[in-house]
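Participant: Following is a predicted model, sequence given first.
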Amino acid sequence: MGTETHYRRSQVDYSQSGCDSTHIGMTEVETGAGTRNGLPEYSVTLTQTRIPLGCGRRLFPMRRIVPRIMVALFVALGILFGSTFIKIYPKDFFWIERANAKMPVWVRGNISSSIFLIYIHGGPGGSGIAQSLFEVSPGDGNFNQASSLHALESDYAVVYWDQRNAGMSQGTADPNDSRIEDFGEDLALVVRTLRARYPVRHLFLLGASWGHSVALSYMTLIDGWKDNQSKINGYIIYKGNNEADAPFQASKPKIVEVALKHISVGRDVAYWQSALEFYRQKSRLTDPAEFLAHDEYATRAMGVSYPLPARAWAAFKASIFTPLNGWKFYLNNRSLRRADRFWSWVTTDRTLSTTLARVTIPVMLIYCQRDLLAPPEVGRTIYGKIQTPASQKTMMTLPYSRHGAEGPDVAVMQAGIRRFIARTIAEESDSPSQLHSSRVVDNSETTLQVTNGAVTSR
């Protein structure tokens, strides 16, 4: 008895898979075809079947996953990039406006302490907002480190402000039309706004580098300067200059010494010979080009550099999901550097040297032993000229640092600032009838010298 076999071809529809490549496969079909010698007889037929490669979700899903991953990456990068210039500002971030300039202010830290510390950035062309996120002017040239002011935010409300034509500032103000009085008036507006918005009981200023000139304008030059000082409990000068000539004269012999050492060992001989020639010809700085040349020689003599790509990358990273707009910071800085009339008075004006003696409030001076942009000699001169009583002024010298605290000096500086603020407030509590009256304290504390990372009196 034989068997009858029915042949059929099965088909699978891959048209919905979204694939266009095929693979040739073989299908074995067993069929019965009758009997032979009393036994069933079978035949095997091999048929070709076309199976698409990468067939959608069931067989090879990578064809769809890869494009989705790429889209997700582009979206993520777009969000990161967009966050650098599209901003949502926190509660204690606000803007002030004066004389065609719109300037940002960010209050961070312990607002409930009622102790406010206004950071006045350097430059000109620095940024307080950027300083709140990373060290903008690191003594060692390393931008990948937290701001030295971060540690103070646990104790005080630290106020970061971008000056006109700097940082994230906006408006139509032309830097060539600005004078030092404009910066003092802007600071006065910052102070008034803080007192209107917050329960400020104690207010301190910290003028860093060029920021010292801005603070002096507010405290000794603009209309109402005497009243302005009465609103400030204390002032911290950090690597500050109030004129270009004094630091030039102090650092000139040190830079010449460095140049001679390099030449003696055959290192960058042509460069350092040009430096020697520059200092032989210049008895003082008279124009912006000379100021910038001295700045370059001094920075290189300190063995540090601030390359533009590193600065730009630090600002870009800090702009991601923060209030900082690194693009605006860069554009303002570039515009300011092209303002020739602005730099002319910045480098040659000595008005603040004549008003320096008007300072009478408690002062702490912080300078860096290895600094050639604002050498300690500048600090000692300022210390001697201000009229603050000897019992209320303190000078600290950081032994390991260049133009900004570095290494172990950072913690020493922070401790010194805390001590100055605490002592000033305590002394005012002892004399409530007068904000800045003279008090008798241990004179051994009036000047501090830092040696091997420890603070010692002298």
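Facilitator: Noted; the coordinates are in hand.
Participant: ok, which stretches of the protein are strands?
Facilitator: Per DSSP state E, the chain carries strands over the ranges 22-36, 39-52, 93-98, 101-109, 115-120, 157-161, 170-171, 202-208, 234-238, 363-368, 393-398, 448-451, 454-457.
Participant: Comparing the ones you listed, which yields the minimum mean pLDDT?
Facilitator: Lowest mean pLDDT within the strands of the chain: strand 454-457, a mean of 35.
Participant: How is this structure partitioned into domains?
Facilitator: Using automatic domain parsing, the domain parsing of the chain gives 1-60, 93-247+304-457.
Participant: For Arg108, which residues are in contact?
Facilitator: Neighbouring residues of Arg108 by C-beta atoms under 8 Å, 6 or more residues apart in numbering: 92, 132, 153, 157-158, 160. Glycine gets a C-beta too; all of them are placed from N, C-alpha and C.
Participant: Kindly reformat the residues you listed as a markdown table containing neighbour count and distance to Ser217.
Facilitator: Formatted as a markdown table, these follow (neighbours: other C-beta atoms under 10 Å; distance: C-beta to C-beta, whole Å):
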| residue | neighbour count | distance to Ser217 |
| --- | --- | --- |
| Asp92 | 15 | 26 |
| Ser132 | 25 | 23 |
| Glu153 | 17 | 26 |
| Ala157 | 23 | 23 |
| Val158 | 28 | 21 |
| Tyr160 | 27 | 19 |
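Participant: Could you double-check that Asn110 sits in contact with Asp155?
Facilitator: Yes: contact status for Asn110 versus Asp155: in contact at 5.9 Å, counting by C-beta atoms under 8 Å.
Participant: May I have the phi/psi pair for the residue lying closest to Asn142 once chain neighbours are set aside?
Facilitator: Take Asn142 and drop its neighbours on the chain: the residue closest to it by C-beta to C-beta, 6 or more residues apart in numbering is Glu135, 7.7 Å away. Per-residue torsions, Glu135: phi -80, psi 110 (degrees, to the nearest 10).
Participant: Was I right to think Glu135 contacts His150?
Facilitator: No: the criterion here is C-beta under 8 Å, and Glu135 misses it with His150 at 9.5 Å.
Participant: worst average pLDDT in the domains of the chain?
Facilitator: Sorting these by mean pLDDT places domain 1-60 lowest, at a mean of 48.
Participant: which residues sit in contact with Ala246?
Facilitator: Listed by C-beta under 8 Å, 6+ apart, the contact partners of Ala246 are 353, 377-378, 381.
Participant: Kindly recompute the last result at 6 Å.
Facilitator: Taking C-beta atoms under 6 Å, 6 or more residues apart in numbering, we find Ala246 in contact with Val378.
Participant: How much space separates it from Pro375?
Facilitator: 9 Å (C-beta to C-beta, to the nearest Å).
Participant: likewise Arg338?
Facilitator: Taking C-beta to C-beta, one finds Arg338 at 29 Å from Pro375.
Participant: Compare these two (neighbour count), which wins?
Facilitator: Pro375 (26 against 10; other C-beta atoms under 10 Å).
Participant: backbone phi and psi for that one, please?
Facilitator: Backbone torsions for Pro375, taken as degrees, to the nearest 10, come to phi -60, psi 160.
Participant: give the contact list for His403.
Facilitator: The contact partners of His403, taken as C-beta under 6 Å, 6+ apart, are 139, 239, 371, 373.
Participant: okay if I get those as CSV plus distance to Met302 and neighbour count?
Facilitator: What follows is the contacts of His403, written out as CSV (distance: C-beta to C-beta, whole Å; neighbours: other C-beta atoms under 10 Å):
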residue, distance to Met302, neighbour count
Gly139, 8, 24
Lys239, 12, 31
Asp371, 7, 27
Leu373, 8, 22
